[in-house]
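Enquirer: for reference, the sequence and a predicted model appear below.
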Amino acid sequence: MRISKALTIAGSDSGGGAGIQADLKTFQELEVYGMSAITAVTAQNTLGVQGIFPLTVEAVIDQIKSVGADLHPNAVKTGMLFNSEIIEAVAHAIKKEKMAKVVVDPVMIAKGGSPLLLEESVDTLKKKLIPIAFCITPNIPEAEKLVGFKIVSLEDRKRAAKTIFDLGAKSVVIKGGHDDGNEVTDLLFDGNTYHLFSSPRIDTKHTHGTGCTFAAAVTAELAKGKSILEAVETAKSFIHAAIEDSLGIGAGHGPTNHMAYRNRKVNV
Ligand SMILES: Nc1ncnc2c1ncn2[C@@H]1O[C@H](COP(=O)(O)OP(=O)(O)OP(=O)(O)O)[C@@H](O)[C@H]1O
Ligand SMILES: Cc1ncc(COP(=O)(O)O)c(N)n1
């Protein structure tokens, strides 16, 4: 059996809904072998983030090196990187290990408002990581921080995607979860064409980890050799099912159901 392999470089969410945990569950569900390099440990649940403990640069680099030296991932995802030192180290290690198909989820702020990336590190993200990204997946507030203007209309979103593309990413997905309206639309710009992926908006508070899960699904599909268009299409279906069939656990913003997509495929 030839299995595709993906590496996530991200923070640990003790609550299991976002970060490394969401990524590994998503890889597994999409039949991709998952590996991890942890950048920070968070004490977190559905009510918020209670503690953040970044790892040393050495610890982060060594994990990436160990994976690169032996297991050769077909695609890589980055999530919470927390500070400039970790961003620079991650970008350097990815290049050194010649890892391809890098999906950058520019995680900045957790649902409850806790910063998962220091404000002063946004510039490092733009200069060091975006230029090596095969795909970058900001939500609307993250895209606004990257481009420096407000995104209200679809035209603004297209302009923002092109601006981020010009920073060096090969493709850009600006997710629409933070928009309003009855539909949630994600916009993909692949350098030539703007593609829209829409689904009905699900009325729920259980959306913890949607961004991580979506980007992990894109990464898993790219690892299998799918095109960016196919990968985003599958990721959108995966996250829609995961939100729709959410588990209803925890007293706050609960996690999504990573098993939902598989269950639907089994039941049709
Ligand atoms: N209420 C919803 N109904 C259906 N799909 C949604 C909903 N909210 C988000 N999505 C989908 O989930 C994915 C993540 O979108 P979003 O913009 O919320 O990312 P994010 O802000 O990074 O996630 P989070 O809010 O968990 O940090 C996108 O594919 C989006 O279309
Ligand atoms: C460790 C960690 N990483 C990322 C997020 C953001 O999650 P998302 O944007 O997917 O909801 C989080 N809450 N915790």
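Expert: It's in. Residues are numbered from 1 along each chain as shown. Ligands and ions are numbered 1, 2, ... in the order given.
Enquirer: just the element for residue 7, please.
Expert: With elements delineated by DSSP states H and E, residue 7 resides in strand 5-13, which encompasses its position.
Enquirer: my bad, residue 262
Expert: Going by DSSP H and E, residue 262 is in helix 260-267.
Enquirer: so which bits of that helix are buried?
Expert: Neighbour-count burial for helix 260-267, counted by 16 or more other Cβ atoms under 10 Å, picks out 260-262. For the C-beta atoms, the positions are set from N, CA and C on the backbone; glycine is no exception.
Enquirer: near ligand 1, anything from the helix ranked longest in the chain?
Expert: The helix that spans the most residues within the chain, counting by DSSP state H, is helix 228-244. Yes: part of helix 228-244 sits near ligand 1 under the criterion Cβ under 6 Å from any ligand atom, namely 236, 239-240, 243.
Enquirer: give me the buried positions along that helix.
Expert: Going through helix 228-244 with 16+ other Cβ under 10 Å, the ones that come out buried are 228, 231-244.
Enquirer: who are the contact partners of residue 99?
Expert: The neighbourhood of residue 99, defined by Cβ atoms under 8 Å, 6 or more residues apart in numbering, consists of 7, 64, 68, 73, 76.
Enquirer: need these in JSON lines with distance to ligand 1, secondary structure and neighbour count, can you?
Expert: Written out in JSON lines, the entries for those read as follows (distance: Cβ to the nearest ligand atom, whole Å; DSSP: H, G, I helix; E, B strand; the rest coil; neighbours: other Cβ atoms under 10 Å):
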{"residue": "7", "distance to ligand 1": "20", "secondary structure": "strand", "neighbour count": "30"}
{"residue": "64", "distance to ligand 1": "23", "secondary structure": "helix", "neighbour count": "23"}
{"residue": "68", "distance to ligand 1": "27", "secondary structure": "helix", "neighbour count": "20"}
{"residue": "73", "distance to ligand 1": "22", "secondary structure": "coil", "neighbour count": "25"}
{"residue": "76", "distance to ligand 1": "18", "secondary structure": "strand", "neighbour count": "30"}
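Enquirer: what sits against the residue lying closest to residue 170 once chain neighbours are set aside?
Expert: Among residues not flanking residue 170 along the chain, residue 134 sits closest, at 4.9 Å (Cβ to Cβ, 6 or more residues apart in numbering). Residue 134 makes contact with 75, 100-103, 169-171, 222, 228 under the criterion Cβ under 8 Å, 6+ apart.
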